[in-house]
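> return atomic coordinates for the entry below.
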Amino acid sequence: MPDRRKFVKLSLLTSVALLINKRSNASTSTDSQPVVTKDSPIVISTWDFGAVANAAAWDILKKKGRALDAVEAGVMIPEADPDNHSVGLGGLPDRDGRVTLDACIMDENYRCGSVMCLEHIVHAISVARKVMENTPHVILAGDGALQFALANGFKKENLLTPASEKLWKAWLKRSQYKPEINSENKYQHLPGDIHNHDTIGMLAMDSTGNLSGACTTSGLAYKMHGRVGDSPVIGAGLFVDNEIGAATSTGVGEEVIRIVGSHLVVELMRQGLSPADACRKAVERILKYNPVKSKEVQVGFLAMNKKGEYGAFALQPGFTYAVKSGHEENTYASKSYY
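Residues are numbered from 1 along each chain as shown. Predicted structure coming up:
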């Protein structure tokens, strides 16, 4: 009898060990990027400049502040940076020389707000939050978004900096529009050069385990006036499901919108995929429906689940993301299909 009990006990222990090993392998099968489990609070964001944005978000999270407040404060940093030509002040204009901003924000309660084609306001993300909290709507666009912002105390400013205006005028000499794949020298803009993929998306989990996200951009450089990408589209550029996780995207928004990319990533995590695997599957969906175009553009996804595990995947090399938690502060290069 003791031998039988010993055998049953050994069998159970072996089964548990195999199950744990299987889950561990599943969560890291796509990406060797670091994975943090149950590390709350934590904030992650797209691109190298996300590190500075994360620091501002962390100032709130470390004091047990709310994830929603953290992501708003975080992305406000690049929005106010005149040297960042893809977000907020200093963003490269459309082909008519007008800087138009897109942004959205989403909290743990499925509340969300968005602005599209907003001009003259530096902090589009804060206007998006006002839309979420002070109106019955989700989206305000164009002149209506500006009117709402001014009525709520936002200051009207000229977003076209001398540096961005110079680049736009250099582009006008050839007026050729082709979104280029991001390079490693994203901040060294040559005359007329186009680097279109530096949208900032930020995801945070606070000390209570609640998630929120924010996404803000000046959009594709020299775009047609009125063009809107994925960044302000809930489900495309950003999606938060407090039961499962959150995701955001960067790159050519048209490709993300076609597959409702961030929502897709969250739903794939709901099915049990790790954040990195879910991002990879979303990229593969883009490849499936547009294999020719996918070789010419960049799209990257970044995700976090409720355990605090995070991961990313992109079409092309060059996509980076930043992480800040209680024991980690790093920037990582995402894996890519090509």
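
> tell me, please, where in the stretch 101-250 of the chain the pLDDT is lower than the cut-off.
Scanning the stretch 101-250 of the chain for pLDDT under 70 picks out 177-197.

> ok, now with 90
Residues of the stretch 101-250 of the chain meeting the criterion pLDDT under 90: 173-198.

> all strands of it, in order?
101-106, 112-118, 139-141, 200-205, 211-217, 238-241, 245-251 (DSSP state E, counting those that start in this stretch).

> who does the last one touch, helix- and strand-wise?
Secondary-structure packing of strand 245-251 (3 or more CB pairs under 8 Å, 6 or more residues apart in numbering; DSSP states H and E): strand 200-205, strand 211-217, strand 238-241, helix 261-270, helix 275-289, strand 299-305. For the C-beta atoms, the positions are set from N, CA and C on the backbone; glycine is no exception.

> Leu172: how many residues sit nearby?
The number of residues packed near Leu172 is 12, by other CB atoms under 10 Å.

> give me the most central residue, this structure.
By CA atoms, centre = their mean, the chain has its centre lying nearest to Gly201, at 2.4 Å.

> hmm, back to that, so which of the helices and strands packed on strand 245-251 gets nearest Ala80?
Closest approach to Ala80 among the helices and strands packed on strand 245-251 (CB to CB): strand 211-217, 11.0 Å.

> and the closest one, what does it pack against?
helix 67-79, strand 101-106, helix 124-134, strand 200-205, strand 238-241, strand 245-251.

> about what we covered before: can I get the helices and strands packed on strand 245-251 in JSON lines with distance to Phe154?
Shown next, in JSON lines, are the helices and strands packed on strand 245-251 (distance: least, CB to CB, whole Å):
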{"stretch": "strand 200-205", "distance to Phe154": "19"}
{"stretch": "strand 211-217", "distance to Phe154": "14"}
{"stretch": "strand 238-241", "distance to Phe154": "21"}
{"stretch": "helix 261-270", "distance to Phe154": "26"}
{"stretch": "helix 275-289", "distance to Phe154": "34"}
{"stretch": "strand 299-305", "distance to Phe154": "28"}
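
> distance from the chain centre to stretch 134-141, please.
In terms of CA atoms, centre = their mean, to the nearest Å, the centre of stretch 134-141 is found 21 Å from the chain centre.

> ditto for stretch 118-130
Relative to the centre of its chain, stretch 118-130 is centred 17 Å away, using CA atoms, centre = their mean.

> picking up where we left off before, among the helices and strands packed on strand 245-251, which comes closest to Gly91?
strand 211-217 (7.6 Å).

> relative to Asp94, which of the helices and strands packed on strand 245-251 is closest?
Checked against CB to CB, the stretch from those lying closest is strand 211-217, at 12.7 Å.

> quick one: buried residues of the closest one?
Using 16 or more other CB atoms under 10 Å as the burial criterion, the residues of strand 211-217 that qualify are 211-217.

> just the angle between it and helix 124-134, please?
Between strand 211-217 and helix 124-134, the angle comes out at 130 degrees (axes from the mean of the first three to the mean of the last three CA atoms, to 10 degrees).

> given strand 211-217, what are its sheet partners and their directions?
Paired strands of strand 211-217, with direction, are strand 101-106 (antiparallel), strand 200-205 (antiparallel) (DSSP bridges).

> out of the ones you listed, nearest to Glu284?
The minimum distance between Glu284 and the strands paired with strand 211-217 falls on strand 200-205, with 19.9 Å, by CB to CB.

> so that closest one versus helix 261-270, what angle?
Angle of strand 200-205 versus helix 261-270, following the same axes, to 10 degrees, is 30 degrees.

> find the nearest non-adjacent residue to Asn305, please.
Sequence neighbours aside, Gly245 is the residue nearest to Asn305 in space, at 3.7 Å (criterion: CB to CB, 6 or more residues apart in numbering).

> from Val99, how far out is that neighbour?
From Gly245 across to Val99, the span is 33 Å (CB to CB, to the nearest Å).

> looking at the two now, which is surrounded by more residues?
Legend: neighbour count by other CB under 10 Å for Gly245 and Val99, higher for Gly245 (26 against 23).

> what's the most distant pair in the buried residues of strand 211-217?
Longest span within the buried residues of strand 211-217, CB to CB: Leu211 and Thr217, 20.8 Å.

> tabulate the strands paired with strand 211-217 in TSV, adding columns for distance to Ser126.
Supplementary listing: those in TSV, determined by distance: least, CB to CB, whole Å:
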stretch	distance to Ser126
strand 101-106	9
strand 200-205	14
